[in-house]
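Engineer: Dropping the sequence and predicted coords here.
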Amino acid sequence: MDLNFNKNEDHNKLLLSALRQKLSLVKLGGGEKRIQKLHGEGKMTARERIDYLLDAKAKSIEIGAFVGEGMYAEHGGCPSGGVVVKIGYIQGKQCIIVANDATVKAGAWFPITAKKNLRAQEIAMENRLPIIYLVDSAGVYLPLQDEIFPDKEHFGRIFRNNAQMSSMGITQIAAVMGSCVAGGAYLPIMSDEALIVEKTGSIFLAGSYLVKAAIGESIDNETLGGATTHCEISGVTDYKAKDDKDALDKIKNIVDKIGDFDKAGYSRIKAEKPALDENEIYGILPKARNEQYDMMEIINRLVDNSEFEAYKEGYGQTIITGYARIDGWAVGIVANQRKVVKTKNGEMQFGGVIYSDSADKATRFIANCNQKKIPLVFVQDVTGFMVGSKSEHGGIIKDGAKMVNAVSNSVVPKFTVIVGNSYGAGNYAMCGKAYDPRLIFAWPSAELAVMGGTQAAKVLAQIEASSLKAKGEVVDETKEKELFDKIKARYDEQVSPYYAASRLWTDAIIDPLETRTWISMGIEAANHSPIEKKFNLGVIQV
């Protein structure tokens, strides 16, 4: 191994260490004291409930662990958006679980909480996955009610999705394990089956204080909407559980009886580990954003037996396209090549940039994968499309539009891994969040932005300097550097993978060695949902 490899390895492992430290803090939710208080009430935490429910030793992936990171500081923060979401296995059946974290503002719903819940429901709907709700929430966080209540992608959309999933035949099970008030009371009752825990679970449109204020009736919460009331008088819930574990055991028994899924029929054979050492990824991925490297060295450490069948290998070389298997699943890979390559006519193409020929190649490959029913995996390290007169005259906009069209209309499941840069229209063409990947996740080395921090800061600093000069202020080199550094610092914060993950632009930040698990579990989920549409590019400029 050379010195550069060792420097890269040290850098990427430091990023991974920071990721693990951040995850350990996130998993504390509202903090140790609130966890202890919950235990004192005889309740488990959201994460404890999920861990108990999932099959021991089976793999699972967490969606949106960093949602809310750095947001709502004036309201005390909202770790993980106040809700934990995992895809895993219950009695051998793949499910998605949504659990309110009562240690975070008593499980109240912030605006980002609603967005995360909607993302969980979207995953369930796309993949026909059973969804389990573990409800323990004080309802909408009232100081921010105007950002969560009335709009299309707000709180009410969740109940609309409950109804839609029911009509689609997607199993929904809800366990009321704490508060379930006001509009939130509809979620468990719009599920197929509802459980409630004695003494700790309660469901009502209005609690005892509000009932007293509204109609003058004096009544305690347990009599108003506790387990006995709803299991024996109102008939609102279907099962009564004596404690959290009893409720979770009942869910296991219910899931155990669910029939098998219809299958989409994606190809899978016996899985093989990569022939090359996966750990070498840390040394291959460069520390510097603009440093060139061979993306094939990464791919060969992600795919089964390190076997890759390249498509149009000598054409459009700044995008790699080809077939492989990941954990036994057949996949079509579209990846940005980050090394400088020379074309047959002697021209140089710079890595990380999409040229007309590479966009054309990718478009044809995406069409082929749709024709053959092969899931697509996009591996992003892209700075954007090539600019300049030669590219414009060669029709780069037209060729880029073709690629975006193919990505948009693709009917096979798509998965996106951001390993490095994800800038501008390159993010779009390589299946960014706006293009409906089933899962989209980033490595700690990722950056998402309209352009790189240095370039953006230079442009913005020039604009601000011009504005100051127009006002008659003196702008010397020292002032220009001060402006640049200030803007660069702000921009660097915004391009961080944690900034993206906090807003759910990505589903997770993961250790690169978890990539195969994410793609495999994602395709397994997608395989539960047969393709119902035909691939059609529509009208494109030839």
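Structural biologist: Good, I have the coordinates.

Engineer: show me where the stretch 401-542 of the chain has strands.
Structural biologist: 414-423, 439-442, 447-449, 508-509 (DSSP state E, counting those that start in this stretch).

Engineer: The last one packs against which elements?
Structural biologist: When contacts are defined as 3 or more Cβ pairs under 8 Å, 6 or more residues apart in numbering; DSSP states H and E, strand 508-509 sits against strand 61-63, strand 439-442, helix 497-502. C-beta coordinates here come from the backbone N, C-alpha and C atoms, glycine included.

Engineer: circling back to that earlier point, indicate which one of the strands of the stretch 401-542 of the chain is closest to Gly316.
Structural biologist: Between Gly316 and the strands of the stretch 401-542 of the chain, the shortest gap by Cβ to Cβ is with strand 414-423, which sits at 18.8 Å.

Engineer: Report the mean per-residue pLDDT for stretch 370-378.
Structural biologist: Mean pLDDT, computed over stretch 370-378, is 97.

Engineer: Stretch 221-234 too?
Structural biologist: Taken as a whole, stretch 221-234 carries a mean pLDDT of 90.

Engineer: and what of stretch 127-142?
Structural biologist: Stretch 127-142 comes out with an average pLDDT of 93.

Engineer: same deal with stretch 96-107?
Structural biologist: 96.

Engineer: Flag every buried residue along the longest helix anywhere in the chain.
Structural biologist: As assigned by DSSP state H, the longest helix anywhere in the chain is helix 3-26. Residues of helix 3-26 classed as buried: 8-9, 11-12, 15-16, 19, 22-23, 26 (neighbour count, 16 or more other Cβ atoms under 10 Å).

Engineer: In a markdown table, list these along with pLDDT and distance to Thr321.
Structural biologist: As requested, those are exported to a markdown table (pLDDT from 0 to 100; distance: Cβ to Cβ, whole Å):
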| residue | pLDDT | distance to Thr321 |
| --- | --- | --- |
| Asn8 | 96 | 26 |
| Glu9 | 97 | 28 |
| His11 | 97 | 29 |
| Asn12 | 97 | 26 |
| Leu15 | 97 | 28 |
| Leu16 | 98 | 29 |
| Leu19 | 98 | 30 |
| Lys22 | 97 | 34 |
| Leu23 | 97 | 34 |
| Val26 | 96 | 36 |
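
Engineer: ok, the closest residue in space to Asp256 that isn't next to it in sequence - contacts?
Structural biologist: Spatial nearest neighbour of Asp256, chain neighbours left out: Gln91 (4.1 Å); criterion: Cβ to Cβ, 6 or more residues apart in numbering. Contact analysis of Gln91 by Cβ atoms under 8 Å, 6 or more residues apart in numbering lists 55, 252, 255-256.

Engineer: Low-confidence ranges, the stretch 51-200 of the chain, go.
Structural biologist: Applying pLDDT under 70 to the stretch 51-200 of the chain picks out residues 183.

Engineer: Please enumerate the helices of it.
Structural biologist: 111-127, 156-168, 186-189 (DSSP state H, counting those that start in this stretch).

Engineer: and the second one, what does it pack onto?
Structural biologist: The helices and strands touching helix 156-168, judged by 3+ Cβ pairs under 8 Å, 6+ apart, are helix 111-127, strand 172-181, helix 186-189.

Engineer: looking at those, which is buried most?
Structural biologist: Ranked by mean neighbour count, these are led by strand 172-181 with a mean of 26 (mean count of other Cβ atoms under 10 Å).

Engineer: how near is the residue nearest to Trp329 when sequence neighbours are not counted to Ile61?
Structural biologist: Of all residues not flanking Trp329 in the chain, Ile523 sits nearest, at 4.6 Å (Cβ to Cβ, 6+ apart). Remark: distance between Ile523 and Ile61 (Cβ to Cβ, to the nearest Å) = 12 Å.

Engineer: of these two, who's got more company?
Structural biologist: The residue with more neighbours, out of Ile523 and Ile61, is Ile523; 27 against 22, by other Cβ atoms under 10 Å.

Engineer: quick one: the more buried one and Arg325 touch, right?
Structural biologist: No. Using Cβ atoms under 8 Å, Ile523 is not in contact with Arg325; the gap is 10.5 Å.

Engineer: Now Gly328, what are its backbone angles?
Structural biologist: Per-residue torsions, Gly328: phi 90, psi -20 (degrees, to the nearest 10).

Engineer: could you list every residue that touches it?
Structural biologist: Here Gly328 is in contact with 268-272, 304, 520 (criterion: Cβ under 8 Å, 6+ apart).

Engineer: Also Gln380?
Structural biologist: 335-336, 416-422, 426-427, 430, 432, 446.

Engineer: sorry, back to before: now distance to Ser467 too, for the helices and strands packed on helix 156-168, in CSV please.
Structural biologist: Below are the helices and strands packed on helix 156-168 laid out as CSV (distance: least, Cβ to Cβ, whole Å):
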stretch, distance to Ser467
helix 111-127, 33
strand 172-181, 51
helix 186-189, 50
